[in-house]
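Trainee: what would the 3D arrangement of this be:
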Amino acid sequence: MKIETKQAHFSSPLYLESGRILEPYTIAYETYGEMNEDKSNIVLVCHALSGSHHVAGIYEGEKKAGWWDDLIGDGKAVDTSKYFVICSNIIGSCFGSTGPMNDNYPSHQPFRLKFPVVTIKDMVRAQVHLLSSLGIYKLKAIVGGSMGGMQALQFAVDYPSLSENIISLAATYETRAWTIAFNKVAMEAIRTDPRFEGGYYAKDAFKEQGLAGLAIGRIAGHISFLSPRSMDKKFDRNYVSTDGLFELFGRYEVERYMEYNTTNFSKHFDPLSYLYIIKAINTFSLERGYDSVEDAISRIKSKVHLFSFSSDYLFFPEEMEYIYKVMNKNSQQVTYKEIQSDYGHDAFLVEVDKFEDDIKSILGESNDK
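Mentor: Presented below is the predicted three-dimensional model:
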């Protein structure tokens with residue numbers, strides 16, 4: 001599989017929903033496979049909160065594959081021997097695209113809290129600019145899970161003729177109070193950590209030890225990404241063998257897992273980026289800018305394929321089913337599948353075997369037509 005990692009630099013302004021302008025800005029992106037002559041084999045992949053443009057394959061000298069490597073690659077469901085796959089890092093993230101710790105041009109000081117609030121609409125608009133710069137005006141499919149699934153749906157509403165297929169997994173038509181409440185834990189944990197310094201920390205301040213506030217916030221995120229059954233299956237009530245049961249801070253295995261994973265996460269993910277991205281998730285609503293959710297959905301011309309997961313406690317199956325019902329009532333082209341899973345929200349990442357044949361079929365059917 002041919003992997004290319006690039007950056008696109010834009011001097012033209014990106015007009016944001018807030019009324020502010022981002023200018024100039026950079027988008028980091030990765031491509032896989034080869035574009036065919038008539039540009040009919042292009043698949044855009046949108047990443048979730050903590051993801052990046054590195055969606056598949058392994059970099060030379062590293063062991064960890066891209067975050068959706070089980071789904072994307074030569075001979076896989078999104079077959080890079082057939083399709084040209086693009087995944088870009090969203091605006092606001094910390095993996096190469098312009099975000100709050102980049103310089104606020106023309107100064108050489110980071111934006112920090114002067115970075116504008118960005119929305120899912122803004123992220124989508126930036127990706128349209130990227131596609132245009134590559135001479136791409138039509139896609140075979142847009143695929144994404146969680147916040148990536150939000151982007152896929154926003155593309156369908158705002159750019160109805162861009163993609164033949166929209167494949168959205170574990171997403172919603174708007175972020176509801178339950179999810180916003182989880183994100184509030186992360187926001188307050190970061191803001192109140194003294195080492196956060198009101199956003200004026202040094203660029204590499206957390207490389208060695210991480211930021212406790214971000215780690216705590218990420219624990220709340222992990223809980224929402226999993227499910228009670230998946231936690232029982234993975235950890236049960238097992239206790240760390242080196243900790244005493246009657247030590248106040250002795251730990252169960254689930255506690256040690258949360259500590260280890262979230263502390264490591266806080267060493268490489270910028271806390272300001274985390275705050276800006278969860279704000280984008282919180283403000284997501286297909287309705288904004290239109291008369292109603294139903295009005296927004298009625299604009300869609302693509303074939304839409306919706307997947308929910310039965311144990312998803314972040315974006316409940318009923319939320320995806322609602323989109324299906326509206327589209328079905330409108331006689332729009334739509335399919336919906338609720339996948340039985342005990343894994344929770346993260347099933348879209350770890351249980352690819354439960355939907356890979358569906359995606360292969362969707363792309364195959366579009367090949368035949």
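Trainee: shaky segments in the chain?
Mentor: The chain contains residues with pLDDT under 70 at 365-369.
Trainee: can you tell me the number of residues neighbouring Leu169?
Mentor: By other CB atoms under 10 Å, the residues close to Leu169 number 28. Quick note: C-beta positions are derived from backbone N, CA and C, even for glycine.
Trainee: just the one 5 residues further on next, same as before
Mentor: If you count neighbours by other CB under 10 Å, Glu174 ends up with 17.
Trainee: and if you look at the one 3 residues further on?
Mentor: One way to gauge burial is a neighbour count; for Ala177, by other CB under 10 Å, it gives 8.
Trainee: please apply the same query to Tyr201.
Mentor: Residues contacting Tyr201 under the criterion other CB under 10 Å number 19.
Trainee: report the separation between it and Tyr336.
Mentor: The gap separating Tyr201 from Tyr336 is 44 Å, by CB to CB, to the nearest Å.
Trainee: what sits against the most centrally placed residue in the chain?
Mentor: In the chain, the centroid-proximal residue (CA atoms, centre = their mean) is Ala48; its distance is 1.1 Å. Going by CB atoms under 8 Å, 6 or more residues apart in numbering, Ala48 touches Gly144, Gly145, Ser146, Met147, Gly148.
Trainee: swap in Gly221?
Mentor: Applying CB under 8 Å, 6+ apart, the residues contacting Gly221 are Leu49, Phe182, Ala186.
Trainee: can I assume it sits in a strand?
Mentor: No. Gly221 is assigned helix when assessed by DSSP: H, G, I helix; E, B strand; the rest coil, not a strand.
Trainee: one step back: just the ones in helices from the contacts of Ala48, please.
Mentor: Among the contacts of Ala48, the ones falling in helices (DSSP state H) are Met147, Gly148.
Trainee: could you dump the contacts of Ala48 to JSON lines with neighbour count and distance to Ala28?
Mentor: Formatted as JSON lines, those follow (neighbours: other CB atoms under 10 Å; distance: CB to CB, whole Å):
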{"residue": "Gly144", "neighbour count": "28", "distance to Ala28": "17"}
{"residue": "Gly145", "neighbour count": "30", "distance to Ala28": "20"}
{"residue": "Ser146", "neighbour count": "27", "distance to Ala28": "20"}
{"residue": "Met147", "neighbour count": "26", "distance to Ala28": "17"}
{"residue": "Gly148", "neighbour count": "28", "distance to Ala28": "16"}
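Trainee: and which of the contacts of Ala48 is nearest Asp232?
Mentor: Nearest to Asp232 among these: Ser146, at 22.8 Å, using CB to CB.
Trainee: and the closest residue to Tyr239 other than its chain neighbours, backbone torsions?
Mentor: Take Tyr239 and drop its neighbours on the chain: the residue closest to it by CB to CB, 6 or more residues apart in numbering is Tyr252, 5.6 Å away. Main-chain dihedrals, Tyr252, degrees, to the nearest 10: phi -80, psi 160.
Trainee: separation between Tyr252 and Asp232?
Mentor: 12 Å.
Trainee: these two: who's more crowded?
Mentor: Tyr252 (16 against 12).
Trainee: so what's that one up against?
Mentor: Going by CB under 8 Å, 6+ apart, Tyr252 touches Phe235, Arg237, Asn238, Tyr239, Val240.
Trainee: between all of those, which two are separated the most?
Mentor: Most distant of those, by CB to CB, are Arg237 and Val240, 11.7 Å apart.
Trainee: so between the two, which is more surrounded?
Mentor: Taking other CB under 10 Å, Arg237 and Val240 do not tie; Val240 has more neighbours (15 against 8).
Trainee: grab the nearest non-local neighbour of the more buried one.
Mentor: Of all residues not flanking Val240 in the chain, Arg251 sits nearest, at 4.8 Å (CB to CB, 6+ apart).
Trainee: can you tell me how far that neighbour sits from Asp243?
Mentor: Using CB to CB, Arg251 is found at 5 Å from Asp243.
Trainee: same check on Lys354?
Mentor: Here the criterion is CB to CB. By it, Lys354 lies 36 Å from Asp243.
Trainee: over to Gly364?
Mentor: According to CB to CB, Gly364 stands 52 Å off from Asp243.
Trainee: for the stretch 51-200 of the chain, which segments count as helices?
Mentor: Taking DSSP state H, counting those that start in this stretch as the criterion, the stretch 51-200 of the chain carries its helices at 120-133, 147-158, 177-191.
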